[in-house]
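Undergrad: prediction below, plus the sequence it came from.
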Amino acid sequence: MCNIKKEQFSLEFGLLCWSLWKTRIDRIFAGKIVSPEAFLQRVQAWITVVRDALDKDRLIHQPNPPIRTEVEISWKPPPPEWVTLNTDGSVIGATGQAAAGGLLRDHLGRCLLAFTFKPGDLLYHPGRVEGCC
């Protein structure tokens, strides 16, 4: 087994053991019951999150990291008699928790309407999200 496969196995096995332990503790002390399917999806999500974090860490600590360019983004008012709707949302990949919000502003920047929305737990599927765009 090469080092990469050993590292991958160690990561996945460690997260599987930790998830089993956490699920057991949640069931004993909080009465939470998780289906096997939901358990496996949660483990896979954690593996993805940790693997991404390790990949980013390797990029940051490489001898010649890629040069970052920053682009400043700001709100621009609409023409008079128009309004803008600005929205944003996020999903925590490992847990599936999601939240969204937005606001409606006039050409003077006055807030006409603001909202937040917490749909609860979602399973993040990058392919589905990209398919919506």
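TA: Cool, got the structure.
Undergrad: the strands in this structure, which residues?
TA: 83-91, 97-106, 111-121 (DSSP state E).
Undergrad: separation between Arg27 and Val34?
TA: Arg27 sits 8 Å away from Val34, going by CB to CB, to the nearest Å. In short, each C-beta sits where N, CA and C put it, glycine included.
Undergrad: more neighbours, the two?
TA: Neighbours per residue (other CB atoms under 10 Å) separate Arg27 from Val34, with Val34 holding more: 15 against 12.
Undergrad: which residue packs closest to the more buried one, ignoring adjacent ones?
TA: Once flanking residues are discounted, Val34 sits nearest to Thr23: 5.5 Å by CB to CB, 6 or more residues apart in numbering.
Undergrad: now do the contacts for that neighbour.
TA: Contacts here follow CB atoms under 8 Å, 6 or more residues apart in numbering; on that basis Thr23 touches Lys32, Val34, Phe39.
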